[in-house]
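*Asks:* test case, fold it:
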Amino acid sequence: MKFLGIIPARYASSRFPGKPLVDIEGQTMIRRVYEQVKKSKKLTEVIVATDDQRIATEVLSFGGNVAMTSDTHQSGTDRCAEVIANDRAYDVVINIQGDEPFINPDQIDLLATCFENPQTKIATLVKEIGTPEELFNQNIPKVVRNTFGEAIYFSRQTIPFLRGVDQEQWLKKQTFYKHIGIYAYQVGTLRALTQLPVSILEEAEALEQLRWIENGYAIQTAVTTHETVAVDTKEDLNKILKLFFNK
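*Replies:* Down below sits the predicted model:
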């Protein structure tokens with residue numbers, strides 16, 4: 001199978017405008033993401049999908065591939081679908097977050113293995129939750145899975161709820177998973193997903209993937225042990241500088 005890695009990158013982030021071009025110890029964020037993704041053993045090609053010429057110019061400056069896309073897309077999924085709209089060269093698209101400058105390429109390769117099963121249409125990663133702070137943080141989506149490793153539901157609330165058990169004991173009684181926001185789709189499925197209207201559960205939780213579940217799509221999951229560090233705000237950037245560069 002041929003895997004295409006697409007990194008959606010927007011300049012007009014509400015919480016951190018210009019985020020893809022921010023400098024991280026001498027390299028822009030988008031360059032760091034791109035170069036990490038290129039280390040994947042599974043990807044045939046990597047493309048940055050953007051609606052901003054400044055980002056496109058930066059990607060071209062370090063020899064990267066870039067595709068200009070519409071500025072009306074509501075999600076990275078929609079942006080990926082535009083890139084692949086008339087392309088028949090790839091079997092699977094992997095949608096990689098553009099704000100994780102130290103993404104581990106092993107996570108990309110792990111996600112790709114989900115498609116060794118020809119029945120897989122959509123796949124994503126999950127990671128076991130290890131602290132109460134993560135478990136009860138509503139900014140961290142949780143996942144429950146069936147016995148086949150498919151996602152049953154995603155929620156900002158802690159799921160499953162443990163009836164009759166003190167919350168302090170939940171991590172001792174149950175394995176909980178958080179969602180890692182990297183997706184892979186068969187190309188035909190990706191095109192179909194963009195035609196679905198916003199769903200009730202998606203609106204309720206503000207989680208796009210619930211639209212797919214609500215419309216009958218199975219989402220295969222794989223369990224990663226690698227942590228991801230995303231940059232959503234300038235404060236997150238400061239944390240990364242401390243974590244990786246002792247700044």
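*Asks:* max-length helix in the chain?
*Replies:* helix 234-245 (DSSP state H).
*Asks:* buried set for that one?
*Replies:* Within helix 234-245, the residues that qualify as buried are Asp236, Leu237, Ile240, counting by 16 or more other C-beta atoms under 10 Å. In this view, the C-beta of every residue, glycine as well, is placed from N, C-alpha and C.
*Asks:* closest to Phe102 among the residues you listed?
*Replies:* Ile240 (7.5 Å; C-beta to C-beta).
*Asks:* just how off-centre is stretch 88-98 within its chain?
*Replies:* A distance of 12 Å separates the centroid of the chain from that of stretch 88-98, by C-alpha atoms, centre = their mean, to the nearest Å.
*Asks:* how long is that stretch end to end?
*Replies:* Taking C-alpha to C-alpha, to the nearest Å, the first and last residues of stretch 88-98 lie 24 Å apart.
*Asks:* let me see the mean pLDDT of it.
*Replies:* On average, the pLDDT along stretch 88-98 is 95.
*Asks:* ok, now stretch 122-141?
*Replies:* pLDDT averaged over stretch 122-141 gives 97.
*Asks:* flag every buried residue along it.
*Replies:* Buried-residue list, stretch 122-141, by 16+ other C-beta under 10 Å: Ile122, Ala123, Thr124, Leu125, Val126, Lys127, Ile129, Glu134, Leu135, Pro141.
*Asks:* any chance of the residues you listed in JSON lines, plus distance to Asp87?
*Replies:* Shown next, in JSON lines, are the buried residues of stretch 122-141 (distance: C-beta to C-beta, whole Å):
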{"residue": "Ile122", "distance to Asp87": "19"}
{"residue": "Ala123", "distance to Asp87": "20"}
{"residue": "Thr124", "distance to Asp87": "22"}
{"residue": "Leu125", "distance to Asp87": "25"}
{"residue": "Val126", "distance to Asp87": "29"}
{"residue": "Lys127", "distance to Asp87": "31"}
{"residue": "Ile129", "distance to Asp87": "37"}
{"residue": "Glu134", "distance to Asp87": "38"}
{"residue": "Leu135", "distance to Asp87": "41"}
{"residue": "Pro141", "distance to Asp87": "30"}
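*Asks:* much appreciated, bye for now.
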